[in-house]
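# Kindly return the folded structure for what I paste below:
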Amino acid sequence: MTLSLFAYSAATWMLEPFAGILLKKRLKAGKERKQRLPERYGRTNNNRPPGKLIWMHGASVGETSMLLNLFDKLKSSYDDHHLLITSQTLTSADMISVKAGKNVIHQMAPMDGPRSVDRFLSHWQPDIAIFAEGEIWPNLIRKTNKRNTPLFLINARMTQKTLNNWKRRSNAAKKIFNCFYFTGAADEQTAQGIKDILGYPPDAIGNLKRAIEPPKCDPAELEKWQTSLANRQCLLAASTHAGEEVLALSAFQIFKRKYPDALLILVPRHPERAPEIIDHIKSYNLSFEQRSYDKQTACAASVLFADTIGEMGLWLRLANSVYLGGANKPDVGGHNPIEPLKLRKTVFSGPHTFNFQDLVTALAPSASITIGDTPDELAAFWMHALDGNNKPSATEPDWNYVDSVFSTVDEPLAVTLNAIRTKLEE
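Numbering: from 1, shown residues only. As a prediction, this is how the structure comes out:
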């Protein structure tokens, strides 16, 4: 063990008994649920299912959606296997409860304290462990590896700052990254960083999120909504963060000067921010309906506040054009534009897209993504995307080019799936 890893292990061992202080603060802030706090300590009332157990771990909605998609691709060959999926956020927990099928168990991820990790691993005894993107927790990874559980790091995506931090602790980085039987990088920057750390390239390079199928919805419900909105322009502000609702609402007010009957569907990344968002809507004197109160199939108001989980497939299909949040705040890094683009919806997003910079750059020639930072720019984008008859404008993106960019995921996805299958069949 390196000095830095020893120091980390010792520090987490000493601080773990005081974790309740932090968890209580998170509980008060609405970031935890009381009944699920034991899971943070590796405790659970759920029994381990019989047979082989695949454990997948991701941080939030994007990562866990990808992992569920990956499990769906494996299920046809391993229908008797179970999936344990852990995540860090309540939003992802709620999404999984809506989207997960049979043989899927969700748990809040244990804190990276030695006791909590041991408790978690002793109970669940996974046969294989798959970590997604940037979830590099030293105790969790090293203790899983010591139990001879094959470890995968898939779609690894790290900022240059994170990679530089690992490089400064090169011996510790080698110890951690050498725990993985398979390593896949989502972009060239991360691939080069991993190569610098290990001395050899990762097993696969390519963003597996490009293989995510568009989220599904109930066709009958979609038809009812489409009928009720047949004569209205429908705009979507998706996965918004604090401050971005103001941008979307300001742009919508500008848009409404030309199209007064338009509907804005507002879907925040974190629905627990509802009181704050409702205050914003009211400050613009816009009528609104709140989805969580009434599972309606029509909306007479100007704004539908979609504060529910797992319905993005419906909202994406209803919208004529999409504002994608997360990139008008410098510290978030943007959200995945692939789902709306696969449904042939043009996307407006902000300039801070470092989470998906390779993808945004690759798609630039297609004119499918517009980058902007002001309400006037967003309103102009929406007006350009629609004509007065609620139809897309004559200027269409090059969707064939978009498809060609997405097709590059086939090889890294196949390599990843084959590596997982190899270990499951041992």
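# Contacts only, for Gly42.
Contact analysis of Gly42 by C-beta atoms under 8 Å, 6 or more residues apart in numbering lists 110, 115-121, 123. Where C-beta positions appear, they are placed from N, C-alpha and C, glycine not excepted.
# and the gap between it and Glu16?
Remark: distance between Gly42 and Glu16 (C-beta to C-beta, to the nearest Å) = 11 Å.
# just Val360 next, same as before
Applying C-beta to C-beta to Val360 and Glu16 gives a distance of 40 Å.
# ok, now Ala306?
The gap separating Ala306 from Glu16 is 39 Å, by C-beta to C-beta.
# the more surrounded of these two?
More crowded of Ala306 and Glu16, by other C-beta atoms under 10 Å: Ala306, with 23 against 18.
# Do you know the pLDDT at the more buried one?
Confidence at Ala306, expressed as pLDDT, is 95.
# per the record, what domains does this structure have?
As assigned by automatic domain parsing, the chain contains the domains 3-213+409-424, 219-402.
# and Leu70, helix, strand or coil?
Assigned with DSSP: H, G, I helix; E, B strand; the rest coil, Leu70 falls in the helix class.
# who's in contact with it?
In this structure, Leu70 makes contact with 56, 130, 154, 208, 416-417, 420, judged by C-beta under 8 Å, 6+ apart.
# What distance do you get for it to Pro215?
The value you get for Leu70 to Pro215, if C-beta to C-beta is used, is 15 Å.
# Can you tell me how far Thr422 is from Thr416?
Distance from Thr422 to Thr416, by C-beta to C-beta: 11 Å.
# Of the two, give the one with the bigger neighbour count.
The residue with more neighbours, out of Thr422 and Thr416, is Thr416; 23 against 12, by other C-beta under 10 Å.
# Go ahead and confirm that one touches Ala186.
No: taking C-beta atoms under 8 Å as the definition, Thr416 is not a contact partner of Ala186, at 11.2 Å.
# Identify the contacts common to the two.
Common contacts of Thr416 and Ala186, defined by C-beta under 8 Å, 6+ apart, comprise Leu208.
# Show me where the stretch 251-400 of the chain dips below the pLDDT cut-off.
Applying pLDDT under 70 to the stretch 251-400 of the chain flags the ranges 294, 387-395.
# for it, what spans make up the strands?
Per DSSP state E, counting those that start in this stretch, the stretch 251-400 of the chain carries strands over the ranges 263-268, 288-290, 303-305, 321-324, 347-349, 369-371.
# Name the strands paired with the second one and say parallel or antiparallel.
When you say that, I think you mean strand 288-290. Strand pairing for strand 288-290, using DSSP bridges, gives strand 303-305 (parallel).
# Not counting its own residues, what contacts the partner strand?
Contact with strand 303-305 is made by 249, 252, 263-266, 274, 277-278, 281, 286-291, as judged by C-beta under 8 Å, 6+ apart.
# what's the closest of those to Lys24?
Nearest to Lys24, judged by C-beta to C-beta, of those is Ala274 at 22.3 Å.
# contacting residues for the closest one?
Ala274 touches 268, 290, 292, 305, 307, counting by C-beta under 8 Å, 6+ apart.
# got TSV for the residues you listed, with distance to Arg36 too?
Shown next, in TSV, are the contacts of Ala274 (distance: C-beta to C-beta, whole Å):
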residue	distance to Arg36
Pro268	21
Gln290	25
Ser292	20
Phe305	26
Asp307	20
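# Who wins on neighbours among the residues you listed?
Neighbour max across the contacts of Ala274 (other C-beta under 10 Å) = Phe305, 25 neighbours.
# Quote the end-to-end distance of stretch 43-63.
Taking C-alpha to C-alpha, to the nearest Å, stretch 43-63 runs 23 Å from one end to the other.
# Excluding covalently adjacent residues, which one is nearest to the spatially most central residue of the chain?
Taking C-alpha atoms, centre = their mean as the criterion, Gly62 is the residue nearest the geometric centre of the chain, at 1.2 Å. Spatial nearest neighbour of Gly62, excluding adjacent residues (C-beta to C-beta, 6 or more residues apart in numbering): Asn336 at 5.6 Å.
# Can you give me the distance of the one you found to Ile85?
Going from Asn336 to Ile85 by C-beta to C-beta gives 18 Å.
# and the two? which has more neighbours close in?
Ile85 (24 against 21).
# Now do the SS call for the more buried one.
Look at Ile85: counting by three-state DSSP, its state is strand.
# ok, it - contacts?
Neighbouring residues of Ile85 by C-beta under 8 Å, 6+ apart: 55-58, 64, 67-68, 71, 96, 100, 104-107.
# Closest one of these to Leu22?
Taking C-beta to C-beta as the measure, Leu22 sits nearest to Gln107 out of the contacts of Ile85, at 18.7 Å.
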